[in-house]
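Undergrad: Got a sequence here, can you model it:
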Amino acid sequence: MTADRAPDPDPHPDHAATDPFDATMVPALPCRDIDELRDFWTALGFDVTYRQLRPNPYLAVRRGGVDVHYFGLDGIEPQDSYSTCIVVVEDTEPVFEAFAAGLRARYGRLPLTGFPRITRPRRRANAGGTTGFSLVDPAGNWVRVMRRSPAAAAPATDAAGASAVDAYAARPEGRLARALDDAVVQADSHGDPVQARKILAGALRRAGDDADAADRVRALAYLAELTVRAGDPDAARTHLDDLDALAGDLAPDVRAAVEQTLAEAADLRTALPG
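TA: Coordinates of the predicted model:
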């Protein structure tokens with residue numbers, strides 16, 4: 001049996017209190033063509049930090065503190081991808097605007113369907129109510145951009161001790177607002193705009209004219225987007241027409257509260273085919 005001995009002295013005493021997991025973790029995502037991803041990300045303001053074709057295709061891009069790596073994988077189809085990563089930022093809006101500007105410059109529009117595509121920043125009920133959006137790259141990988149939650153700074157506890165592990169936000173008042181929360185989770189988190197459309201269309205139909213006006217505006221605007229994402233632009237026009245009619249009767253304070261939503265709906269109309 002060997003005797004216990006004192007540990008070796010720390011060669012870097014200033015690091016004694018450093019968490020060994022205070023580190024950087026970088027996602028490596030699959031793709032068929034690394035140069036397609038290179039062109040995509042450089043259009044969004046990223047720099048190429050590494051590229052090789054042999055012995056295996058590999059690409060690394062970076063902007064600020066965001067690194068994304070890709071490895072070539074033959075036979076992978078974008079629609080079959082299950083790969084994803086999460087980017088946590090202080091504010092999702094400027095990140096979205098930077099991505100949107102790059103996408104519009106490259107594709108002439110903000111792509112809502114196909115590959116690549118993007119969603120807008122919205123409250124995510126399944127992420128504690130923080131805002132988030134998703135960018136799906138040309139290879140079908142989901143890059144999920146989320147706003148840092150204040151709760152993230154606090155240590156998590158298990159369900160027996162506290163509810164910190166329960167990431168679902170408190171439900172808003174009003175059935176239509178709750179349906180909007182559910183639709184966002186289905187479409188923007190789970191990638192199912194068809195089911196989200198059913199949820200929101202049914203809620204709007206049941207609510208009628210009695211629902212809160214601001215909730216109706218937000219629900220109609222999102223329903224119009226969902227119909228585009230579900231491949232039904234004609235229905236989107238109908239929903240946008242209904243939204244325009246509703247907007248004309250809004251009280252000034254309500255209109256001010258939904259001004260951004262109305263602007264996004266107008267942007268959606270300009271992107272409709274025909």
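Undergrad: can you list the weak-confidence ranges in this structure?
TA: 1-17, 150-167 (pLDDT under 70).
Undergrad: quick one, helices of it?
TA: Ranges of helices in the chain, per DSSP state H, are 34-43, 92-107, 175-184, 193-207, 213-229, 233-247, 252-257, 259-271.
Undergrad: Just name the most buried of the ones you listed.
TA: Each of these was scored by mean neighbour count; the highest is helix 213-229, a mean of 23, by mean count of other CB atoms under 10 Å. For glycine as for every other residue, the C-beta is placed from the backbone atoms N, C-alpha and C.
Undergrad: what's the angle between that one and helix 175-184?
TA: 30 degrees (axes from the mean of the first three to the mean of the last three CA atoms, to 10 degrees).
Undergrad: Can I get helix 213-229 in CSV, CA atoms only?
TA: Only the C-alpha atoms of helix 213-229 are listed here, as CSV (Å, rounded to 0.1, in the frame of the first residue of the first chain):
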residue,chain,number,x,y,z
ALA,A,213,-56.8,43.3,-30.5
ALA,A,214,-53.0,43.1,-30.1
ASP,A,215,-53.2,39.3,-29.7
ARG,A,216,-55.3,39.1,-32.9
VAL,A,217,-52.7,41.2,-34.8
ARG,A,218,-49.8,39.0,-33.7
ALA,A,219,-51.8,35.8,-34.3
LEU,A,220,-52.9,36.9,-37.8
ALA,A,221,-49.4,38.0,-38.8
TYR,A,222,-47.9,34.8,-37.6
LEU,A,223,-50.6,32.7,-39.3
ALA,A,224,-49.8,34.5,-42.6
GLU,A,225,-46.1,33.5,-42.2
LEU,A,226,-47.0,29.9,-41.3
THR,A,227,-49.1,29.6,-44.5
VAL,A,228,-46.2,30.7,-46.5
ARG,A,229,-43.9,28.2,-44.8
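Undergrad: picking up where we left off before, using a markdown table, lay out the helices of the chain together with distance to Phe21.
TA: A markdown table is the format used below for the helices of the chain (distance: least, CB to CB, whole Å):
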| stretch | distance to Phe21 |
| --- | --- |
| helix 34-43 | 27 |
| helix 92-107 | 25 |
| helix 175-184 | 32 |
| helix 193-207 | 37 |
| helix 213-229 | 38 |
| helix 233-247 | 46 |
| helix 252-257 | 42 |
| helix 259-271 | 38 |
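Undergrad: among these, which is nearest Pro78?
TA: Of all the helices of the chain, the one in closest proximity to Pro78, counting by CB to CB, is helix 34-43 (10.4 Å).
Undergrad: Just the C-alpha atoms of that closest one, please, in CSV.
TA: Output of helix 34-43 as CSV, limited to C-alpha atoms (Å, rounded to 0.1, in the frame of the first residue of the first chain):
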residue,chain,number,x,y,z
ILE,A,34,-18.0,22.7,-47.7
ASP,A,35,-17.6,25.4,-50.3
GLU,A,36,-21.4,25.9,-50.4
LEU,A,37,-21.3,26.5,-46.7
ARG,A,38,-18.2,28.7,-47.1
ASP,A,39,-20.1,31.0,-49.5
PHE,A,40,-23.2,31.0,-47.4
TRP,A,41,-21.5,32.0,-44.1
THR,A,42,-19.2,34.6,-45.7
ALA,A,43,-22.3,36.2,-47.1
